[in-house]
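Participant: Here is my input, please return the structure:
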Amino acid sequence: MQNLSVEDIQKRQSFRCLIIIVDSKMRDRLAEFLNDSGIPIYYQMHGVGTVSSDFLNLCGLGDPHKSIAICFVPRERTKILLAEMNQALQLHKKGTGIAVSIPLGGMQGWLYKLLGSTAEESAMEDLKKEGKKMSETITHAMILVTINQGYSDDVMYTARAAGATGGTILKGLKCSPAEVAKRFGIPIQEEQEVIAIVVPKDKKTEIMAAISKDHGITTPAHGITVSLPVDAIMGL
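Facilitator: Prediction:
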C-alpha cells in the first residue's frame, strides 16, 4: 500500500458508510433514490430478519424480508442525504426501515478517488480531532471486501495468509448510475460477493494491502476494500 501523508489519512477518515435496511417491497424505491442522489457506487443485498416479529414491529420493521443497501459518501453530505432519504422513503414511519452512518477507518485509494471527485474539502481541525479519537478508542476493524462472484475463497486465502482468522460472505449486486459507470468503467448490476472480516487494528493495513494487491480493482476479482472501526466486540 502506498505511503500516505497525514492529510491523506485524515481525508479518508472523513467518509461514512451508510447502511440502509428497508422492507423488500421498497427495494426499487431505495435504488431510485440512490441513483437520483448521484451516489457513485452502492451495493444491494437481500436479507431476512432473525429476531422475533414483536421486536421487528417495535423497531418499525414488520416485514422479515429486507433489502439492504451499503454505500459510501463524504461526511459533510451524510446529514443532508439522510434527511432527503427520510423524506423520500418516509423512514420515520413505522414499518419502513432504518439507516445508519458509520465512520470509515480506511479506504482503498481507487475508491477514495471516485468518492473524492464529488466531495468538498472538510475542515481540517475537525478531521484531526476525529482521527485522534478513533486512534485512541478503536482496537479492532471490520474489513469489507466487495468482489465479483466466485472469488471469495481466493480472497479469504490471501486474508488468512496476511493474518486474518476468518470472514463472513454475503451475496449482492454492485450498482452505479450509467454516467458514473461509463466514466470509471464500473459494470452496472454486477453480481457481487461481500466479505466481512473482523481483525485487530494493528493487522488491518497489512491485510487490506494484501487483498488490494492480489484481488484489487484491476484484477479479475474487481475488488474494492474498505474498513470500518469496531469499538466493541464479543465472541472473537
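Participant: how about the strands in this protein?
Facilitator: 15-23, 42-48, 65-74, 97-103, 106-107, 140-148, 168-175, 190-200, 224-230 (DSSP state E).
Participant: can you tell which of these is closest to residue 162?
Facilitator: strand 190-200 (9.1 Å; Cβ to Cβ). For every residue, glycine as well, the C-beta is placed using N, CA and C.
Participant: just checking, what packs against that closest one?
Facilitator: strand 42-48, strand 140-148, helix 152-161, strand 168-175 (3 or more Cβ pairs under 8 Å, 6 or more residues apart in numbering; DSSP states H and E).
Participant: Between those, which one is closest to residue 195.
Facilitator: Among these, the nearest to residue 195 by Cβ to Cβ is strand 140-148 (4.4 Å).
Participant: average pLDDT across the closest one?
Facilitator: Average pLDDT, strand 140-148: 88.
Participant: do the same with stretch 218-228
Facilitator: The model assigns stretch 218-228 a mean pLDDT of 89.
Participant: what residue ranges in the chain score low on pLDDT?
Facilitator: 1-13, 47-64, 95, 108, 110, 116-138, 177-189, 231-236 (pLDDT under 70).
Participant: One more pass at 80, please.
Facilitator: 1-14, 21, 46-66, 92-98, 100, 104-139, 168, 173-190, 230-236 (pLDDT under 80).
Participant: contacting residues for residue 18?
Facilitator: Listed by Cβ atoms under 8 Å, 6 or more residues apart in numbering, the contact set of residue 18 reads 69, 70, 71, 72, 73, 78, 81, 82, 99, 100, 101, 102.
Participant: Now the buried members of those residues.
Facilitator: Listed as buried from these are 69, 70, 71, 72, 73, 78, 81, 82, 99; burial here means 16 or more other Cβ atoms under 10 Å.
Participant: Nice, that's everything, thank you.
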